[in-house]
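A.B. asks: Generate a structure from the sequence data that follows.
(chains A and B)
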Amino acid sequence: MTTIIDTPRHSCALGGALSTINAIDGLIPIIHGGPGCGGQVFYGQNFTSGYRGSGALGGVSIPSTNTYEKEVVFGGEDRLREQIRTTLELMRGDTYIVLTGCTTELIGDDVKAIVQEYKDPKKRVIFAETPGFKGGTNEGYEIVLHALIDQLARETPRIPNRVNLLGIVPSQDVFWEGDLSEIERVLTSLGLEVNTLFNGIPIDEIGAAALNIVLSPWVGVPVADRLKERFGTPYIINPLPIGTIDTNAFLSRVGSTLNLDPTKVIQREEERVFRYIERVADFIVDFDVQLHFATVSEANYAIALNRFLVGELGWIPSVAAVTDQVPEEYRTSIGTALKLGEGLDPKIIYESDSGTIWDAIEKEKLDFVLGSSLDKDVAERIGAWRLSVSFPVTDRVVLDRGYAGYLGAITLIEDILSAIVARF
Amino acid sequence: MGSPFQFHEKTMSSQKLPEPASCKNCRSVVPPREDRLGSIIAAGGTAQDLVHQARCGCLKNQNRSFSQTAFCQQWLAIFTLATVRDAVVIVHGPVGCISSLPYINVFNRLGQIHRTDKPVSGRWISTNLLEADTIYGGEEKLKAAIRSAENRYHPAAIFVFSSCVSGIIGEDIGAIIDGIQPDIKATVIPINCDGFRSKLWASGYDGSFHGVLNYLIKEPGVKQADLVNVINPLTIGRPDEVEIERLLGRLNLRANFIPCFADVQAIKDSASAALTTGLCPTYGEYLAKVLGERYQVPSTQKVMPTGLDNISLWLREIGRYLGKEEEVERLIAEEHKRIQPKLDALRARLKGKTVFISAGQWRAIGIPNLVADLGLRIVGVTTFHFDEVCFDGFEELTRRCGDFHASVSNLQPFEQTSILHQQKPDIFIGHSGETVWAAKQGIPTVMGLNLFHVFVGYEGVIAFGNRLVDVLTNRSFNKNLFAHVKPIYNDEWYTTDPFKYIREEAE
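C.D. replies: Have a look, this model is predicted:
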């Protein structure tokens, strides 16, 4: 995190904040920052995530103070007050969130004091400090959720079968929507009501859940901690599962935590997946599709992909480049999750710098690279097949496709094998 | 209250441009366009009002009390140089300021494919400035990034772009570069383009060209009588260049397209060309002007070669400078005759349809001219900014098309939404990013910067006409979209004065 980054695979805190807010209905962002911040991170975080567009309110429609030299010299507080007043007047909505950028943080505008001037409960104004220099996309997601928990969430009675899903960052997980909807589907079939944060359940109710599930080895854990502190909600950390083995284990874990029996769901779903796997087995066997592969992705997908490809497809892993800057304290659990058996442990490289990652990949003997669109050239140089599964993705259009859970595993098999046959 | 800009005091001719970096300590920067050219980003009314105000020097540099996010000059500075083939981009700022490079890389790869190359991704490095760096400075990181670029990629040039953060914390990228240059084989070039320093994203073009002019183009070289510099924006695609090459070829001239998809040597060669012209005067005016001043390469940048009148003028200017007047007249006559039947057929199909155009400064003149050739009626034009670079062209447009609604706006789709709701044109032609909002209003839309289709030259008139026919032939996508999206503005906005939020610049 502290060094330069060649060809980064994430945007800044503001980018993460905006891509998160863009996924939440009815939340209107107001950028208090430079004139190009919103445009840059729209193209650099949303659009480069499988061409995710503006949605209901995004892209260049986002209200922004567009701070110029005058604000940098004289302060931007008056300009912010003006922009909040006009935004409340013009933009349909009931909740507005001011996001600070680098310039307004550096010049020291007191945004907290300004938002407190707005007291109309029908037009709530909150804020989050999201300057790009505070960190990357994942940090922006966490900062926004902290702001929502601290300034918006209400004390509500606990709903015993309600769970929240944390740790999946819209756009940064290119398949966030498909992944979340599959997890929601399987949890719903256990009898749970699922708040994915992005499926229309008001964010105010985030404290009503009986359990928070962090679907990542580390992103969102501080959010779960904050919810535990404020509402006493327990949480489990269970990185995103792909395939029958990990999704079965996930359901068993949630089931045992909430006293639900997942046996029937597991049986039904596993049968379905293997109906398809049996059908594709001829192709896999006839063409000897047991490949040596590398992953270039954030920790969450590194775990999910390696475990699925090794544990269920029977492939041989080489390098797992983990591109998000995982704090030291979470690395042991990632290492444990990637202990896959003799000769089957991928070499884990914690590295955000693409140049360094490409150097490492070029040293390996590889058949397949699961990475981002940025890895096209290196895959070509070493003659490997390739599929874009991690941010940024500019060679695929992604809408509701996902790789998580049972249905996601079927989709992943289709996409991986399609990448191979597409060359024929 | 702000004082009106006085154009006669701000013109290029009256203001001395920065000197070349003949010494190592030169730290010159180009003044932002609002100071250098009196550019404005907020106005609304009619085209004739705008022309009148421009002519009497009473255009005011106004602001908006409500605004939406747009682009900054740094983004356009990067766009200008990101596809130079043997160069590396370094952005000295937080990681977010480089985050759209994978998007720019789409243009880059597509452009290479159109040039029948095997596409290779660009190279870009972020110095990843963090909170601690805003206190202790980021000099070491910038040096590390330059060394990394050199060692890994061995480029001919390294472009170092500044950012809001590097600007506010007072990093002198020029001085840092001077310190490290002796150890680096590549020419390292500072591009001063802090996002907050200009309201005009077009100032970013100047920042990039200023760096190129001061650090790369050093020698006049041996004059090449048939070489014409054609300054090419990234948003004007290879099909357009093919048309330009065809026309110049008929005049026995060669195009040196710079800077997009050029290598460093081609940029250096620009000093030895016989003439500089461009595909967009707004984009290339500073580079063309300074090449003329320093290396006596004459330049003509009167128009974008879009629409018949503009193409003719564009060609005649080349003919005039290079003594090829007769060949040019023959070429124009032949081309007019050649396309006439196709033009007639398109006019019969498109005559009287109403169109609203929103585009960057010169495109906002070029496209209306083109669609007027096709018989459409202009009901309105939004230009992203307005200044002396386009006064003549805009006035000419009003002479040709009569009066129409006109506004000056750096995107701001909220104004556009209200205008379009009230104007209800048959077609909206716009820029990427904003056009989707017109589509959501159910209006048939055409992209004004489509990299797959030619829109300059004679072929461009026909190709663009065909595109307009298509969009009228099947309107179902935008119609269905409109039926299913929710409005984002309060009801009153759709019938309110679209310029309600334009206000005087406060002191």
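
A.B. asks: Please report how far the residue lying closest to residue B:424 once chain neighbours are set aside lies from chain A.
C.D. replies: Counting by CB to CB, 6 or more residues apart in numbering or on different chains, residue B:424 lies nearest to residue B:443, which is 7.6 Å off, once chain neighbours are set aside. C-beta: built from backbone N, CA, C; applies to glycine. Using CB to the nearest CB, to the nearest Å, residue B:443 is found at 16 Å from chain A.

A.B. asks: go on, residue B:169?
C.D. replies: Distance check for residue B:169 against chain A: by CB to the nearest CB, it reads 7 Å.

A.B. asks: what's the spacing between that residue and residue B:92?
C.D. replies: Distance, residue B:169 to residue B:92, by CB to CB, to the nearest Å: 10 Å.

A.B. asks: Outline the domain layout of chain B.
C.D. replies: Annotated domains of chain B cover B:72-200, B:224-302 [automatic domain parsing].

A.B. asks: Adding mean neighbour count and mean pLDDT, write those domains out as a markdown table.
C.D. replies: Below are the domains of chain B laid out as a markdown table (neighbours: other CB atoms under 10 Å in any protein chain shown; pLDDT from 0 to 100):
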| stretch | mean neighbour count | mean pLDDT |
| --- | --- | --- |
| domain B:72-200 | 22 | 97 |
| domain B:224-302 | 21 | 97 |
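
A.B. asks: Can I get those domains in CSV including distance to residue A:234?
C.D. replies: Below are those laid out as CSV (distance: least, CB to CB, whole Å):
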stretch, distance to residue A:234
domain B:72-200, 33
domain B:224-302, 52
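
A.B. asks: Near chain A, which residues of the stretch 101-250 of chain B are found?
C.D. replies: B:101-103, B:105-106, B:120-121, B:123-134, B:141, B:144-145, B:148, B:152, B:164-165, B:168-169, B:195-199, B:201 (CB under 8 Å from any CB of the partner chain).

A.B. asks: Which of those residues fall in helices?
C.D. replies: B:101-103, B:105-106, B:131-134, B:141, B:144-145, B:148, B:152, B:164-165, B:168 (DSSP state H).

A.B. asks: and the stretch 401-507 of chain B, which residues reach chain A?
C.D. replies: Counting by CB under 8 Å from any CB, the stretch 401-507 of chain B sits next to chain A at B:410-411, B:413-414, B:433-434, B:436-437, B:485-490, B:493, B:501, B:506.

A.B. asks: Return the members of those classed as buried.
C.D. replies: Neighbour counting with 16 or more other CB atoms under 10 Å in any protein chain shown marks B:410-411, B:413-414, B:433-434, B:436-437, B:485, B:488-489, B:493, B:501 as buried within these.

A.B. asks: Let me see the ranges of the strands in the stretch 251-400 of chain A.
C.D. replies: A:292-297, A:316-322, A:347-350, A:368-371, A:385-388 (DSSP state E, counting those that start in this stretch).

A.B. asks: same question, the stretch 351-500 of chain B
C.D. replies: Using DSSP E, counting those that start in this stretch, the strands of the stretch 351-500 of chain B run over B:354-359, B:377-383, B:405-409, B:427-430, B:445-447.

A.B. asks: try the stretch 51-200 of chain B
C.D. replies: Counting by DSSP E, counting those that start in this stretch, the stretch 51-200 of chain B has these strands, from start to end: B:63-64, B:87-91, B:124-126, B:157-161, B:187-191.

A.B. asks: what bits of the stretch 401-507 of chain B have low per-residue confidence?
C.D. replies: B:506-507 (pLDDT under 70).

A.B. asks: any chance of the strands of the stretch 251-400 of chain A in JSON lines, plus mean pLDDT, mean neighbour count and distance to residue A:111?
C.D. replies: JSON lines is the format used below for the strands of the stretch 251-400 of chain A (pLDDT from 0 to 100; neighbours: other CB atoms under 10 Å in any protein chain shown; distance: least, CB to CB, whole Å):
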{"stretch": "strand A:292-297", "mean pLDDT": "98", "mean neighbour count": "26", "distance to residue A:111": "35"}
{"stretch": "strand A:316-322", "mean pLDDT": "98", "mean neighbour count": "23", "distance to residue A:111": "34"}
{"stretch": "strand A:347-350", "mean pLDDT": "98", "mean neighbour count": "16", "distance to residue A:111": "34"}
{"stretch": "strand A:368-371", "mean pLDDT": "98", "mean neighbour count": "27", "distance to residue A:111": "38"}
{"stretch": "strand A:385-388", "mean pLDDT": "98", "mean neighbour count": "22", "distance to residue A:111": "37"}
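
A.B. asks: Grab the longest strand from chain B for me.
C.D. replies: strand B:224-232 (DSSP state E).

A.B. asks: Contacts for that strand next, please.
C.D. replies: B:241, B:244, B:248, B:252-261, B:269-270, B:272-280, B:283-284, B:287-288, B:291, B:297, B:301, B:318, B:322 (CB atoms under 8 Å, 6 or more residues apart in numbering or on different chains).
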